[in-house]
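Enquirer: I need the structure of the sequence given here:
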Amino acid sequence: MPKKKAKTKFKQALAGSFLKYGLPIILFIALMHIITISNIGEGLSSFTNSTEGNISPQVLQYEEEVRKYAEEEGIGEYTNLILALMMQESGGRGNDPMQASESLCGSVGCIDDPELSIKHGVSYFANTLKKADEDIKLALQSYNFGAGFIDYVRNHGGEYTQELAIQFSAKMYEELAHTGEYSCIREEAVQYDACYGDIYYVDAVLGYYEDGDEELLNT
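Expert: I've put the predicted structure just below:
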């Protein structure tokens, strides 16, 4: 057999072996590499979601300040809950991210400094939490309604319920509707004439706290 023809057959056999055995191995390795990278990406995404939940970057930028003032008030363990509260109040936007003006001076817009908003908002929540005997749902709803809701609940069973939130809102709206300052922010509240504050405020805040400490909510 001529050497040239033998070399050609050898190359053909080698190419055939590569296509039959080598190429599938290379493709398999490449596929496994892609799957591994994809799984790492999903893992990082899950980690981000579990630690940050639905809290926006605008709110998270204030985490250090919230933690600082929460610790000063002795409620450092509620930092993540307060961030969820801020998320519901403003999404971290504006100069009053805790929407604390009304509790400070009785009118909207008197706070124009985010740190002052956080300092007063955290202090107000701490006082509300203490007055509510650390009933978190009652404290949250009272942050929205005002501390008068705590007294109302005390006189109607002593424990927060959605029904009491609706009743209180309807009562206050009936008394204040003539001012023209209040209107239903949720369509679901119209049927109850419960247009004072947000009757579903607790659920809204806890929706942002869904990856939070469940044990804290049950204390």
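Enquirer: I'd say residue 169 and residue 190 touch.
Expert: No - at 11.5 Å, residue 169 does not count as touching residue 190 under the criterion of C-beta atoms under 8 Å. Every C-beta, even on glycine, is put in place using the N, C-alpha and C of the backbone.
Enquirer: neighbour count winner among those two?
Expert: residue 169 (26 against 11; other C-beta atoms under 10 Å).
Enquirer: ok, now which ones touch that one?
Expert: 145, 189, 192, 194-197, 199 (C-beta atoms under 8 Å, 6 or more residues apart in numbering).
Enquirer: where does pLDDT dip in this structure?
Expert: Low-confidence segments of the chain, defined by pLDDT under 70: 1-53, 211-219.
Enquirer: mind redoing it with 80?
Expert: 1-53, 106-107, 210-219 (pLDDT under 80).
Enquirer: where exactly do the helices run in it?
Expert: 3-17, 23-52, 57-60, 63-72, 79-89, 101-105, 114-131, 136-145, 148-154, 162-176, 201-208, 214-217 (DSSP state H).
Enquirer: run through who's touching the fourth one.
Expert: Pointing back at helix 63-72 there. In contact with helix 63-72 (C-beta under 8 Å, 6+ apart) are residues 76, 78-79, 82-83, 86, 114-115, 118-119, 122-123, 126.
Enquirer: mind redoing it with 6 Å?
Expert: 76, 78-79, 82-83, 115, 118-119, 122 (C-beta atoms under 6 Å, 6 or more residues apart in numbering).
Enquirer: quick check: the farthest pair among these?
Expert: 78 and 115 (18.5 Å; C-beta to C-beta).
Enquirer: please identify which of the two sits among more neighbours.
Expert: Between residue 78 and residue 115, counting by other C-beta under 10 Å, residue 78 is the more crowded of the two (25 against 14).
Enquirer: can you pull the contacts of that one?
Expert: Counted by C-beta under 6 Å, 6+ apart, residue 78 has contacts residue 70.
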